[in-house]
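# take a look and give me a structure for this.
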Amino acid sequence: MAKSARARPARKAAPKSRKEQALETRANLKEATKAVLGRIGYRQMRIADVTKEAGVAVGLFYHYFPDLKAVTCEVLSDFMGEITEKARQVPSTSDLFETLREQYRILIGHFEEHPGLMRCMIQASDEIPEFGEIWKASNRQWTRSFARYLADCLGPNPPDPD
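Numbering: from 1, shown residues only. Next comes the predicted model:
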């Protein structure tokens, strides 16, 4: 007869350090901001909306961010950085057109997944200088990346632009 295996007590997860909890709360507030921006946009968003979404007290928001503009700038910077990172992961092929088309599919797909963030970025970039700078910096980075890629593909003797 085989002995029955004893059930081992479940291991308790090690308690999180204060630093880990703080990083988790901050990330949770950013995710909540992203969700609220996507639903109602920057102009209608209130700190109470973000903290309700995050499940934390309003006062805790101010421990991590001075205001809505600051957290929104971080969220929008992360959003634009994700697009660039995804586009960089497209493998280069000998067909320049196909490579660029795949990169733009990623760009458009990212915007389709997060239309509220894109709307916020475009609408508020004229009114809020910080948002406009995020938008401009992202576009500069995208254009420079494209130019480097194009130069690599065309080599030292690019064709006549005409």
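# other residues contacting the strand or helix carrying Q123?
Following DSSP states H and E, the helix or strand that holds Q123 is helix 115-125. If you take Cβ atoms under 8 Å, 6 or more residues apart in numbering as the criterion, helix 115-125 is touched by 34, 37-43, 72, 75-76, 79-80, 111, 131-132, 134-135. Yep, even glycine has a C-beta here, placed from its N, CA and C like the rest.
# stretch 48-65 too?
By Cβ under 8 Å, 6+ apart, the list of residues contacting stretch 48-65 reads 22, 25-26, 28-29, 31-33, 35-36, 40, 47, 68, 71, 74.
# and for stretch 24-44?
Stretch 24-44 is contacted by residues 16, 45, 49-51, 53-56, 60-61, 64-65, 68, 71-72, 74-75, 78-79, 114-117, 119-120, 123-124, 128 when judged by Cβ under 8 Å, 6+ apart.
# which non-adjacent residue is nearest the residue most central in space within the chain?
With distances taken as Cα atoms, centre = their mean, the chain has F79 as the residue nearest its mean C-alpha position (2.5 Å). With Cβ to Cβ, 6 or more residues apart in numbering as the criterion, F79 has its nearest non-adjacent residue at 5.0 Å, and that residue is L117.
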